[in-house]
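> give me a 3D structure for the following:
(chains A and B)
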Amino acid sequence: MTFASSFTKIVGAATALAAVVALSNLAARAEEEQPNPTRQEWSFAGPFGTYDKAQLQRGFKIYKEVCSNCHELHIPIRTLGQPGGPELSVDEVKALAASYTVKDGPNAAGEMFDRPGRPSDYFPTPFPNPEAAAAALGNAPPDMSLLAKARKYERGFPAFVFDALPIPGGMYQELGPDYIYAILHGYEKDDDPNWNAYFPGHKIAMGKPLVEGQVDYPDGTPTTLDQYAKDVASFLYWAAEPTLDQRKSIGAKVMIFLLILSCLMYFTKRTIWSDVAH
Amino acid sequence: MHGLSTFEPKNGFVKWLEARLPILSFGYDSFVAYPTPKNLNYWWTFGAILSFMLIAQIVTGVVLTMHYTPEATMAFSSVEKIMRDVNWGWFLRYAHSNGASLFFFAVYVHMFRGIYYGSYKNPREVLWILGVIIFLLMMATGFMGYVLPWGQMSFWGATVITNLFSAIPLVGNDITTWLWGGYSIDNPTLNRFFALHYLLPFAIAAVVGLHVWALHVTGQNNPDGVEIQDIKKDCVPFTPHATMKDGLGITVFLLLYCWFIFYVPNYLGDADNYIPANPMKTPPHIVPEWYFLPYYAILRSIPDKLAGVIAMFAAIAVLAFLPWLDTSKVRSAKYRPLYKKLFWGFVLVGIGLGYCGAMPAAEPYVTASRILSLLYFGFFAALPFLPKFERTLPVPATIAEAVLAKSEPVKTAK
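Coordinates of the predicted model:
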């Protein structure tokens, strides 16, 4: 490496470090500005929480009619039929998949071709690549498959300690859904569709995405913004954590087993040590 | 502590094997007949808990490897495939990622126990230093493992930590380039980190072997810090007494571990690591995993990069010198009133540094981490002078006597 290139590297590293420090300062200040999302009630919260199938189906309807116009959802279509999810029937999943056109190939003639989707396909992307999305919208919208686990807010001391514990009000894992719910409620300025109360710095690239009555609910659930926000946040949490139901039900059995085993171990240990002063 | 072996082969095959490879008598003497001080408390079960965690990490890790792709454009999505499509993949992945945290939690308890009861003192210096080496290897393994999912925090955490080496005068930048395998963190970096992340746990297992060997030569320390004098009076056989007690400790620890796996699996992780690595976009806060936070706070407390790096490594290296820094003749903090206070102060300093490390590099956290860093090193600096001021309490002559003193009041009450 030449002297010049090492010099630029030193300067580069120093600026990077300075930028990191400056950015974290800025972020700290920006965070003070916006209010924290409020904790909502979720069917999937708590040790025995499970997804509400009907709610996930409503949330999926919102994704399909609204979100999917800009956001990618990188999950296979078949997962909608899996247990512990929206649990669409096999035929519904097949029909849904077939409603999408998927590019496949090359075929024997060496050509790419379009075909109807299959359940094993992933949901198609609204843009061919992130650059195209950025060119069309100004900013590439994030993939939604992990969004509900990739967002959080600072809980601060001592709240963050209680969030881990098996106590009433503890076991708080739903910061992501609460954040998404808050963002959907944060468009408070009618004259500025890109102002959001809960977004760091308040300037959000996504204009107000949902208004009351925009999506029909065939099951008669009220079509309010609040209901939409809850349903789509639940759906996104399922998309990010599709094995939650299974995990919690196995967890309960594991904990009961370990509690009983601990008791047996304790009494065995006591018996073994009963002849020894210790 | 290996006296004459009491192992008597009865079966013909065992006799045949014993004459060729005395592995059964070795196992018997080490884990069955091995004399264990009878006054050990539950803090001593963390050694067994750590052995369990090492095995759990290796087993889950090897199976995860069968599904993971160590390639920069595929690593993130291969982890998601594990989470969604691999049978029990979510369990393996959560068990492994939370397992790292629980492993570090257990090792910190184990280290603090050693510090409290003076387990590093003559004749256990080598045992202690081997422990410090294991701790260092664990840190390297944990750091490189965190890079593998190739999320935002993986990438930027790796950027910050590998950039530390560029602080070395003259050759720093060349070393960083060499570590990266290129001029920035990219696929070659991920490949080598994966190779080392797979290798180092077996290096840890080897040093653990030496650690246990050294332990079985000197014998265990104990809460009263007096050496075993009469095996019959002071000790119990390892099996069934210690095995059963360790088994209970592991089971209770598993309750905690499983709580994290099944109920709060993402609590200890960073949300940003669910965003694929993007070299063009720096996250607002770059925070390492919680178990590195105290050292991260020390690193950031010094404005000069090189000095910060030296301070950070010194904070770990100083542990290896504990056996010679602590000059007190009394081992256990139980009989050292001043040392006991200092110890708890040291624990609080560690927690405080951890908190500062998680906060942005701004006031008041900068000043707080500077003061706490000074106190951290202050603990070690104060140790050689402590015996001059400390009036230690009378130490029991034997373990049997200490046990008797503890159980006596109970007997008279009955």
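
> low-scoring pLDDT stretches of the chain, where are they?
Reading this off chain A. Low-confidence segments of chain A (pLDDT under 70): A:1-32.

> switch to chain B, please.
Looking at chain B by pLDDT under 70, you get B:1-4, B:408-414.

> isn't residue B:333 right up against residue B:118?
Yes - using C-beta atoms under 8 Å, residue B:333 is in contact with residue B:118, at 7.1 Å. Heads up, the C-betas are built off the backbone N, CA and C, glycines and all.

> what do the two both touch?
Here residue B:333 and residue B:118 have no joint contacts, going by C-beta atoms under 8 Å, 6 or more residues apart in numbering or on different chains.

> from what I see, residue B:115 and residue B:323 are in contact.
No - in this structure, residue B:115 is not within contact of residue B:323 by C-beta under 8 Å, at 11.1 Å.

> for the residue in chain A that chain B sits nearest to, which three-state class applies?
In chain A, the residue that lies nearest chain B is residue A:251 (2.7 Å; C-beta to the nearest C-beta). Put simply, residue A:251 is helix when judged by DSSP: H, G, I helix; E, B strand; the rest coil.

> burial of residue B:259, as a residue count?
22 (other C-beta atoms under 10 Å in any protein chain shown).

> just the element for it, please.
In this structure, residue B:259 sits in helix B:243-262 according to DSSP states H and E.

> check which helices and strands that helix sits against.
Applying 3 or more C-beta pairs under 8 Å, 6 or more residues apart in numbering or on different chains; DSSP states H and E, we find helix B:243-262 packed against helix A:244-273, helix B:46-65, helix B:89-116.

> so which residue is smack in the middle of chain A?
The C-alpha lying nearest the average C-alpha coordinate of chain A belongs to residue A:148 (C-alpha atoms, centre = their mean; 1.6 Å).

> those residues of the stretch 51-200 of chain B touching chain A, which are they?
B:77, B:80, B:83-84, B:90-91, B:94, B:159-160, B:163, B:166, B:173-174, B:177 (C-beta under 8 Å from any C-beta of the partner chain).

> at 7 Å instead, please
Proximity of the stretch 51-200 of chain B to chain A, by C-beta under 7 Å from any C-beta of the partner chain, involves residues B:84, B:90, B:163, B:166, B:173-174.

> any chance of the residues you listed in a markdown table with secondary structure and neighbour count as columns?
Listed next are these as a markdown table, based on DSSP: H, G, I helix; E, B strand; the rest coil; neighbours: other C-beta atoms under 10 Å in any protein chain shown:
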| residue | secondary structure | neighbour count |
| --- | --- | --- |
| B:84 | helix | 19 |
| B:90 | helix | 21 |
| B:163 | helix | 22 |
| B:166 | helix | 24 |
| B:173 | helix | 22 |
| B:174 | helix | 15 |
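
> hang on, the earlier thing: could you tell me the angle between the helix or strand just after the helix holding residue B:259 and helix B:89-116?
Using DSSP H and E, the next helix or strand after helix B:243-262 towards the C-terminus is helix B:293-301. Calculated by axes from the mean of the first three to the mean of the last three C-alpha atoms, to 10 degrees, helix B:293-301 forms an angle of 70 degrees with helix B:89-116.

> give me the residues contacting helix B:293-301.
With contacts defined as C-beta atoms under 7 Å, 6 or more residues apart in numbering or on different chains, helix B:293-301 is touched by B:288, B:308-309, B:311-312, B:315-316, B:350, B:353-354, B:356-358, B:361, B:366, B:369-370, B:373, B:376.

> could you flag which of those residues are buried?
The neighbour-count test (16 or more other C-beta atoms under 10 Å in any protein chain shown) applied to the contacts of helix B:293-301 identifies B:288, B:308-309, B:311-312, B:315, B:350, B:353-354, B:356-358, B:361, B:366, B:369-370, B:373, B:376 as buried.

> quick check: the residue nearest to the centre of chain A touching residue A:240?
Yes - with contacts counted by C-beta atoms under 7 Å, residue A:148 reaches residue A:240, the gap being 4.3 Å.

> from residue A:176, how far off is residue B:141?
29 Å (C-beta to C-beta, to the nearest Å).

> so between the two, which is more surrounded?
Set residue B:141 next to residue A:176 and count neighbours by other C-beta under 10 Å: residue A:176 wins out with 25 against 22.

> nearest residue to the more buried one other than its sequence neighbours?
residue A:148 (3.9 Å; C-beta to C-beta, 6 or more residues apart in numbering or on different chains).

> now do the SS call for residue B:319.
For residue B:319, the assignment made with three-state DSSP gives helix.

> and it, how far is that from chain A?
Using C-beta to the nearest C-beta, to the nearest Å, residue B:319 is found at 27 Å from chain A.

> count of residues packed around that residue?
Residue B:319, neighbours per other C-beta under 10 Å, totals 20.

> now, the contacts of helix B:293-301 that are in helices?
Secondary structure from DSSP state H places B:308-309, B:311-312, B:315-316, B:350, B:353-354, B:356-358, B:366, B:369-370, B:373, B:376 of the contacts of helix B:293-301 in helices.

> and residue B:199, how far is that from chain A?
28 Å.

> next, count neighbours for that residue.
By other C-beta under 10 Å, 12 other residues sit near residue B:199.

> elements contacting the helix or strand where it lies?
Residue B:199 is part of helix B:187-218, with elements assigned from DSSP H and E. Where contact means 3 or more C-beta pairs under 7 Å, 6 or more residues apart in numbering or on different chains; DSSP states H and E, helix B:187-218 is packed against helix B:46-65, helix B:125-147.

> quick check: buried residues in that helix?
B:187, B:189-190, B:193-194, B:197-198, B:200-201, B:204, B:207-208, B:211-212, B:214-216, B:218.

> residue A:121 against residue A:78, yeah?
No - counting by C-beta under 7 Å, residue A:121 stays clear of residue A:78, with 8.4 Å between them.

> strands of chain A, start to end?
Here chain A has its strands, by DSSP state E, at A:101-104, A:113-116.

> contacting residues around the last one?
By C-beta under 7 Å, 6+ apart, the residues outside strand A:113-116 that reach it are A:98, A:101-105, A:107.

> ok now it, how far from the chain's centre?
Centroid separation for strand A:113-116 versus its chain: 30 Å, with C-alpha atoms, centre = their mean, to the nearest Å.

> what does stretch B:294-307 give?
22 Å.

> can I get that stretch as CSV, trimmed to CA atoms?
Coordinates of each C-alpha in stretch B:294-307 appear next as CSV, following Å, rounded to 0.1, in the frame of the first residue of the first chain:
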residue,chain,number,x,y,z
PRO,B,294,-18.3,-2.6,29.8
TYR,B,295,-15.2,-2.9,27.6
TYR,B,296,-16.8,-0.8,24.9
ALA,B,297,-17.4,2.0,27.5
ILE,B,298,-13.8,1.9,28.5
LEU,B,299,-12.7,2.1,24.8
ARG,B,300,-14.9,5.2,24.2
SER,B,301,-14.0,6.9,27.5
ILE,B,302,-10.6,7.9,26.1
PRO,B,303,-10.6,10.5,23.3
ASP,B,304,-7.4,9.1,21.8
LYS,B,305,-8.1,6.0,19.7
LEU,B,306,-4.9,4.2,20.3
ALA,B,307,-5.0,4.9,24.1
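
> how near is the closest residue in space to residue A:250 that isn't next to it in sequence to residue B:58?
Leaving aside its sequence neighbours, residue A:250 sits nearest to residue B:262 (C-beta to C-beta, 6+ apart; 6.7 Å). For residue B:262, the distance to residue B:58 equals 21 Å [C-beta to C-beta].

> the more surrounded of these two?
When neighbours are counted by other C-beta under 10 Å, residue B:262 and residue B:58 differ, and residue B:262 comes out ahead with 22 against 17.

> show me the contacts for that one.
Residue B:262 sits in contact with A:247-248, A:250-251, A:254, where contact means C-beta under 7 Å, 6+ apart.
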